[in-house]
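1. Compute the structure for the input listed below.
(2 chains)
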Amino acid sequence: MSREWMTAFLGRLALQDVPVEEQSPPGLAPARLLLVRAEDWGRLAQEARNWECRWVAGFGEDTGEEILVNACFEREGSYFMARTRVPRATPLLPSHTPYFPVADRPERHTQDLLGVVFMDHPDARRWTRHQAWPDADYPLRCDFPASGRLPTSTTPPDDGYRFLQAQGSGVYEIPVGPVHAGIIEPGHFRFQAVGETILNLEERLGYVHKGIEKIAVGRDAQGLARLAGRVSGDSTVAHAWAACMAMEKAAGIEVPQRALSLRALMSERERVANHLGDIGAILNDIAFSFGYYQFTRLREDWTRLSYQAFGHRFMMDRVVPGGVAADLAEPMADAMRRQIAGLRQELKSLYAILDDYPSVEDRLETTGRLDPQLARLLGCLGYVGKASGHGYDVRRDAPYPPYDRLKVEVPVYQYGDVAARMKVRAQEILVSLDLIEQLLADLPAGALRAEWRTPDAGAEGLGIVEGWRGEIVTYVRFAEHGKVARFFPRDPSWTTWPALEKCVRDNIVPDFPVCNKSINGSYSGHDL
Amino acid sequence: MLRVLAKIQKIGIVTEPLTVSETPALEAVGEQLKAKVGELFSGSLAIRQVDAGSCNGCELEIHALNNPYYAIERFGVHFVASPRHADMLLVTGPVSRHMEAALKRTYEATPPPRLVIAVGECGANGGEFGVSYASCGAVSNVIPVDAVIRGCPPTPLDLMRGILEAIGRLPRSARG
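-> Numbering: from 1, shown residues only, chains lettered A, B, ... in the order given. From the prediction side, this is the model:
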């Protein structure tokens, strides 16, 4: 992890008369905090792009006196957080979207929730806000009550959103959702199609916005961990870990070694469960029932052992501030080893079938192709990035304990089709099985949980983990008496939802379900 | 093809019998449950699932009902694509305000007689999210609810027992 580029980067900014004040709040370490003036916000992004930094996350905070705006960047495994401040009455700021397309929706989210106006943002439409609050209100501002201000009548449907439309002979529009035909989260997809071919797809999300950032305010650490574990239920372990990591760093608490290893073990179990289920679901979407039943059977076996070992099928509420709430008994460790051996055998035979099956090949190869260049522009994370040439994995590239002691292999493919996104998952399962075996072999003895210590008022922390969908970045700031002042969980789906819109172009409408499943963005994790 | 058949042969049928339980999985909220409605649906039940703001945990367990272990279709229960085809709505989540209208429309589009089961802590009482500027809370705050299956999330077994209780299809011995 070279820091030389950072020094050169700051030098370059100084040359352009962009003053930067560097700070090192302990809770953000090893990331540094760079304070810049509001008028330089755009130039900072421009320079960051010149230095091939990745735009990681962006969010704001109302301190009561002014609005802070943050943007997190990464390069070669080193993160930094840029911060500026704008007055509450005239919260104008240059946009980062012209330099980093992935900043598009996060900035519109900050606009809807805090009222910050990104002046040169290319898309003036609201994003997260539907009709639950008027455009004069900003839910994340201090003076907005968590209970809201609207009268208690039915919130009207969001009919006024302008979608991009196509014109021409034979072009028609297909609106899908928010209620979808299957058992799946709600969102709206607006297709422009000719015959069966998709000309364009536009998403409209925000249907499951639950005000998570607002209802986090005033919670204690335990309460925040519970909330974080429900940002995206399928990623409950990873999100709880990221939130607890942020809180522990803010409070200066060191988590015991055994707890860290158990967190990793649970996190790898979560990864395997979701990948098994997803492979089954992808195969179901191409009507390969055999594959669907075999993989959902394996997922069920895996989930049941997680329940036996840790008391919850998804291990929800097992990662807690300071450590973990459940221990691993030796017989359970043995059961896990046996399960892994059995699963490897099963997967060997199943992968051989999938590799060779003509109809599977026919449906999955070249379908939903995401070009590597586009994937890089969109900042795609997780298996979506890895299938399109971009193998960023926090466990390997910015390791956090216990991954600093483990070697994590990252499968990367170039073609970026549905087949590649399935293969990445198939390989990641095998990598996780290896990691679990290593974790079991080296499981340290000791405490499960460090004693909680009330963090100082104003203490902030950053938690970064590799969830099964990719990098999760979580920010926490405390107010007095250990109450949360700000909670921002950045789910990796923010980077993959835009990729779905692009990868379905020129595919047929009936292939949309399998394309969507291959990307599998979290709706709840995105909408907050 | 031969490998596929060989695998099917080797694994066999893993579907588990539904065991008897003392405690009911379902909390009946309305009187309709005990009335004739259960008898009407005991032949087969078409369910429309509606995610009204859940974190997706409940959805994963509802999906599991169709895996080979639980195989809910053997009881004549199946999931359908449209509320027009449905006898029952299975609703999850603390009803985000952005889903309020869609949930009401889905309910209105379901031809009577119809049952509504609210699923999970969120569906039951708003769960971890409660009532706020963004969420309505319990499903019963928005549409009439006949029964509730608690849990965070409820396990597939909780769900299956709850659904079967709702339609009077539990195995004889469990109804004591």
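2. make it CA atoms for all contacts and neighbour counts henceforth
-> Fine.
3. how far is stretch A:79-92 from where the chain is centred?
-> With C-alpha atoms, centre = their mean, to the nearest Å as the basis, stretch A:79-92 stands 23 Å off its chain's centre.
4. quick one: contacts of it?
-> Residues outside stretch A:79-92 that contact it (C-alpha atoms under 8 Å, 6 or more residues apart in numbering or on different chains): A:30-38, A:41, A:65-74, A:93, A:115-119.
5. For the stretch 1-150 of chain A, which residues are neighbours of chain B?
-> Where the stretch 1-150 of chain A comes near chain B, counting by C-alpha under 8 Å from any C-alpha of the partner chain, the residues are A:130-133, A:139, A:145-150.
6. confidence score at residue 60?
-> Defaulting to chain A. What the model reports as pLDDT for residue A:60 is 98.
7. actually chain B
-> Among the per-residue scores, residue B:60 holds a pLDDT of 98.
8. and what of residue A:367?
-> With respect to pLDDT, residue A:367 scores 97.
9. Report how many residues lie close to it.
-> 24 (other C-alpha atoms under 10 Å in any protein chain shown).
10. just residue A:85 next, same as before
-> The number of residues packed near residue A:85 is 22, by other C-alpha under 10 Å.
11. Where do the strands of the stretch 51-200 of chain A begin and end?
-> Assigned by DSSP state E, counting those that start in this stretch, the stretch 51-200 of chain A shows strands spanning A:54-62, A:66-75, A:78-87, A:92-93, A:117-118, A:171-176, A:188-194, A:197-204.
12. distance between the fourth one and the chain's centre?
-> Centroid separation for strand A:92-93 versus its chain: 26 Å, with C-alpha atoms, centre = their mean.
13. Just the buried residues of the contacts of stretch A:79-92.
-> For the contacts of stretch A:79-92, a burial check counting by 16 or more other C-alpha atoms under 10 Å in any protein chain shown picks out A:31-38, A:41, A:66-74, A:93, A:115-118.
14. returning to that earlier point: can you tell me which of the strands of the stretch 51-200 of chain A is packed in deepest?
-> Mean neighbour count (mean count of other C-alpha atoms under 10 Å in any protein chain shown) peaks for strand A:54-62 among these, with a mean of 23.
15. Low-confidence ranges, the chain, go.
-> Picking chain A for this. Applying pLDDT under 70 to chain A flags the ranges A:1-2, A:150-152.
16. wait, chain B
-> The model of chain B has pLDDT under 70 over residues B:22, B:28-38, B:42-43, B:169-176.
17. Not counting its neighbours along the chain, what's nearest residue B:136?
-> Distance criterion C-alpha to C-alpha, 6 or more residues apart in numbering or on different chains; nearest residue to residue B:136, sequence neighbours excluded, is residue B:95 at 5.3 Å.
18. so that neighbour touches residue B:138, yeah?
-> Yes: Residue B:95 lies in contact with residue B:138 (C-alpha atoms under 8 Å); the separation is 7.0 Å.
19. Show me which residues of chain B sit near chain A.
-> Counting by C-alpha under 8 Å from any C-alpha, the residues of chain B lying close to chain A are B:3-4, B:49-57, B:59-60, B:62-64, B:67-69, B:79-82, B:96-102, B:128-129, B:131-135.
20. Can you tell me which of these are buried?
-> Buried members of the residues of chain B next to chain A, counted by 16+ other C-alpha under 10 Å: B:4, B:49-57, B:59-60, B:62-64, B:67-69, B:79-82, B:96-102, B:128-129, B:131-135.
21. any idea which element residue A:243 lies in?
-> Taking DSSP states H and E as the definition, residue A:243 sits inside helix A:236-251.
22. How about the contacts made by the residue in the stretch 351-500 of chain A that chain B sits nearest to?
-> Closest to chain B within the stretch 351-500 of chain A is residue A:353: 7.1 Å, counting by C-alpha to the nearest C-alpha. When contacts are counted by C-alpha under 8 Å, 6+ apart, residue A:353 touches B:3-4.
23. again with residue B:150
-> The contact partners of residue B:150, by C-alpha under 8 Å, 6+ apart, come to B:25-27, B:119-121, B:124.
24. So which of the residues you listed belong to helices?
-> Taking DSSP state H, the ones among those that sit in helices are B:120-121, B:124.
25. In CSV, list those residues along with neighbour count.
-> Formatted as CSV, the ones in helices among the contacts of residue B:150 follow (neighbours: other C-alpha atoms under 10 Å in any protein chain shown):
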residue, neighbour count
B:120, 27
B:121, 26
B:124, 26
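26. Wait, residue A:407 touches residue A:396, no?
-> Yes: counting by C-alpha under 8 Å, residue A:407 touches residue A:396, with 7.2 Å between them.
27. what about these two, which has more around it?
-> Between residue A:407 and residue A:396, residue A:396 has the larger neighbour count (other C-alpha under 10 Å), namely 18 against 14.
28. Name the nearest residue to that one, sequence neighbours excluded.
-> Excluding the flanking residues, the one nearest residue A:396 by C-alpha to C-alpha, 6+ apart is residue A:408, at 5.6 Å.
29. Quick one: neighbours of the one you found, just the number.
-> Neighbour count of residue A:408, defined by other C-alpha under 10 Å: 19.
30. Quick check, it in contact with residue A:395.
-> Yes: using C-alpha under 8 Å, residue A:408 is in contact with residue A:395, at 6.6 Å.
31. Packing partners of the helix holding residue A:243?
-> Taking 3 or more C-alpha pairs under 8 Å, 6 or more residues apart in numbering or on different chains; DSSP states H and E as contact, the helices and strands that helix A:236-251 lies on are helix A:221-228, helix A:257-285, strand A:319-320, strand A:460-467, strand A:470-478.
32. If you compare the directions of it and helix A:257-285, what angle comes out?
-> Counting by axes from the mean of the first three to the mean of the last three C-alpha atoms, to 10 degrees, helix A:236-251 lies at 150 degrees to helix A:257-285.
33. Kindly export helix A:236-251 (C-alpha atoms) in PDB.
-> The C-alpha coordinates for helix A:236-251 follow below in PDB (Å, rounded to 0.1, in the frame of the first residue of the first chain):
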ATOM      1  CA  THR A 236     -26.900  -9.200   8.100                       C
ATOM      2  CA  VAL A 237     -23.500 -10.400   9.300                       C
ATOM      3  CA  ALA A 238     -21.400  -8.200   6.900                       C
ATOM      4  CA  HIS A 239     -23.500  -5.100   7.600                       C
ATOM      5  CA  ALA A 240     -23.400  -5.600  11.400                       C
ATOM      6  CA  TRP A 241     -19.700  -6.200  11.200                       C
ATOM      7  CA  ALA A 242     -19.100  -2.900   9.200                       C
ATOM      8  CA  ALA A 243     -21.300  -1.000  11.700                       C
ATOM      9  CA  CYS A 244     -19.600  -2.500  14.700                       C
ATOM     10  CA  MET A 245     -16.200  -1.900  13.300                       C
ATOM     11  CA  ALA A 246     -17.000   1.800  12.700                       C
ATOM     12  CA  MET A 247     -18.400   2.100  16.300                       C
ATOM     13  CA  GLU A 248     -15.400   0.200  17.800                       C
ATOM     14  CA  LYS A 249     -13.000   2.400  16.000                       C
ATOM     15  CA  ALA A 250     -14.800   5.500  17.200                       C
ATOM     16  CA  ALA A 251     -14.700   4.200  20.800                       C
END
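34. Quick check: buried residues in that helix?
-> Going by 16+ other C-alpha under 10 Å, helix A:236-251 has these buried residues: A:236-251.
35. what does stretch A:255-270 give?
-> For stretch A:255-270, burial by neighbour count (16+ other C-alpha under 10 Å) applies to A:255-270.
36. so which of the residues you listed also contact chain B?
-> Okay, of the buried residues of stretch A:255-270, nothing touches chain B (C-alpha under 8 Å from any C-alpha).
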